[in-house]
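[1] with the sequence up front, the predicted model follows.
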Amino acid sequence: MKLKPELFDKQSFNFFKSLKTVVEGKYDVCCNVPLDTVFDMDQHDADLSHECRLDYVLIDHDSSEVKMVISDFGKETNSPLKKLFSKFNIGFIEMNQHKQWDPQSLKQALAV
């Protein structure tokens, strides 16, 4: 085993820095968060929660309430997760590794 030289690839790190700049003071950014850290899961949901990780979770700076999830589920079907976030009034932005996000787009998405 060896330590990776960097935690993020260049594109992910640039996105992370942009995201932190956009939300500074209002939200804190958590990375690679297990789904079962955000939701209390029962036995029925155990399979869904065990392997699902959320790329970025924005939490209220003062209360730590989850406000938005930004994630790339790739080939996974995210329809059940979109419904789950909507049910609990949590904003969701689906990332795409091939799509460039600019700070203005992030600000607009967070304002909704």
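    Here it is on my side, so go on.
[2] show me what stretch 24-34 is in contact with.
    16, 19-20, 23, 49, 52-61, 64, 67-68, 110 (CB atoms under 8 Å, 6 or more residues apart in numbering). All C-beta atoms are positioned from the backbone trio N, CA, C, and that covers glycine.
[3] contacts only, for the spatially most central residue of the chain.
    When the chain is reduced to its mean C-alpha position, the nearest residue by CA atoms, centre = their mean turns out to be Tyr56, at 2.6 Å. Applying CB under 8 Å, 6+ apart to Tyr56 gives the contacts Phe16, Leu19, Val29, Cys30, Cys31, Val69, Ile70, Ser71.
[4] for the chain, longest helix please?
    Secondary structure of the chain per DSSP state H: the longest helix is helix 10-23.
[5] before we move on, the earlier item: what's the PyMOL line that selects buried ones from the contacts of Tyr56?
    In PyMOL, selecting the buried portion of the contacts of Tyr56, with burial taken from 16 or more other CB atoms under 10 Å, looks like this:
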select buried, resi 16+19+29+30+69+70+71
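[6] tell me the one of the contacts of Tyr56 nearest Val38?
    Comparing the contacts of Tyr56 against Val38 with CB to CB places Val69 closest, at 7.6 Å.
[7] tell me the strands beside the helix or strand hosting the closest one, with direction?
    Counting by DSSP states H and E, the element that carries Val69 is strand 66-71. Counting by DSSP bridges, the strands paired with strand 66-71 are strand 53-60 (antiparallel), strand 91-94 (parallel).
[8] need the contact partners of it.
    With CB under 8 Å, 6+ apart as the criterion, strand 66-71 contacts 19, 27, 38, 54-60, 78, 85, 90-95, 109-110.
[9] re earlier: can you state the direction angle for the next helix or strand after the longest helix of the chain and helix 10-23?
    With elements assigned by DSSP H and E, the helix or strand that comes after helix 10-23 is strand 27-34. When axes from the mean of the first three to the mean of the last three CA atoms, to 10 degrees is applied, the directions of strand 27-34 and helix 10-23 differ by 140 degrees.
[10] so which bits of whichever helix or strand comes after strand 27-34 are buried?
    Remark: after strand 27-34, the chain's next helix or strand is helix 35-38, criterion DSSP H and E. Neighbour-count burial for helix 35-38 flags Leu35, Val38 (criterion: 16+ other CB under 10 Å).
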